[in-house]
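>>> Quick check, what structure comes out for this input:
(2 chains)
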Amino acid sequence: DGGITQSPKYLFRKEGQNVTLSCEQNLNHDAMYWYRQDPGQGLRLIYYSQIVNDFQKGDIAEGYSVSREKKESFPLTVTSAQKNPTAFYLCASTKEGRNTEAFFGQGTRLTVV
Amino acid sequence: QQQVKQSPQSLIVQKGGIPIINCAYENTAFDYFPWYQQFPGKGPALLIAIRPDVSEKKEGRFTISFNKSAKQFSLHIMDSQPGDSATYFCAASSTFSGSARQLTFGSGTQLTVLP
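Residues are numbered from 1 along each chain as shown, chains lettered A, B, ... in the order given. Predicted structure coming up:
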């Protein structure tokens, strides 16, 4: 079955530590996205990528970095510069076209300890 | 920043009731309006979507009503069931450039359907 796989499901980060969240898709979609979800705030866009080796900042990119070396993979690194990283992180992808739905992974819950 | 305003924040109905969730947007460049359903600890999943040239769309028990002139759209759930208890997000979509789509989400509505 095609879909998006995020790992790990739960992640704990110590203060000052960088952590990387994995996102893999086998839908053959060109565009991939990272969103952050906080209670009562909906989903906010961190980064997006339209094609391999290209990515753009979203609304809340500070303290995060991404790479897109393969079409299937779009990992997100939460750096120590992100002061409030505790949140639910969602990866998504879309195929090209106007009326196209976003497919989401099951999310990674990151907690700072 | 482009916004999509969603209300109410939470909603409790009895089984068989018809919850209604409302959203409003400002940017006329939005050209696709999906609704997502999210269960706790899971990623959102597309429920139903509408284009701005259509005033209503129905899929099963779910109906979107769209008012282009007022820049508002709403989700109605007919004959609601306890299994519909979830968080619902409206969204509005436009093209960044190339293949990527900009999805702007509302803040979500937590729906509880009592048995």
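>>> any idea how far B:Asp34 lies from A:Ala31?
You called it Asp, but residue B:34 is Pro. B:Pro34 sits 15 Å away from A:Ala31, going by Cβ to Cβ, to the nearest Å. Backbone N, C-alpha and C define where each C-beta goes, glycine included.
>>> whoops, B:Leu114 was the one
Separation of B:Leu114 from A:Ala31 (Cβ to Cβ): 40 Å.
>>> of those two, who's got more company?
A:Ala31 (21 against 11; other Cβ atoms under 10 Å in any protein chain shown).
>>> Let me know whether that one touches A:Phe103 as I believe.
No - counting by Cβ atoms under 8 Å, A:Ala31 stays clear of A:Phe103, with 10.7 Å between them.
>>> joint contacts of the two?
Listed contacts common to A:Ala31 and A:Phe103 are A:93-94; contacts here mean Cβ atoms under 8 Å, 6 or more residues apart in numbering or on different chains.
>>> give me every residue that touches the residue of chain B found nearest chain A.
Of all residues in chain B, B:Gly43 sits closest to chain A, at 3.4 Å by Cβ to the nearest Cβ. B:Gly43 makes contact with A:4, A:6, A:90, A:92, A:104-107, according to Cβ under 8 Å, 6+ apart.
>>> hmm, 7 Å instead?
A:90, A:104-107 (Cβ atoms under 7 Å, 6 or more residues apart in numbering or on different chains).
>>> pLDDT at residue 112, what is it?
Using chain A here. You'll see A:Val112 listed with a pLDDT of 89.
>>> Please refer instead to chain B.
So B:Thr112 comes in at 98 (pLDDT).
>>> If it is in a bridge, with which residues?
B:Ile12 (DSSP bridges).
>>> I'd guessed it sits against B:Lys15; true?
No - using Cβ atoms under 7 Å, B:Thr112 is not in contact with B:Lys15, being 10.8 Å away.
>>> circling back to that earlier point, any idea which of the contacts of B:Gly43 is closest to chain B?
Of the contacts of B:Gly43, the one sitting nearest to chain B (Cβ to the nearest Cβ) turns out to be A:Phe104, at 3.4 Å.
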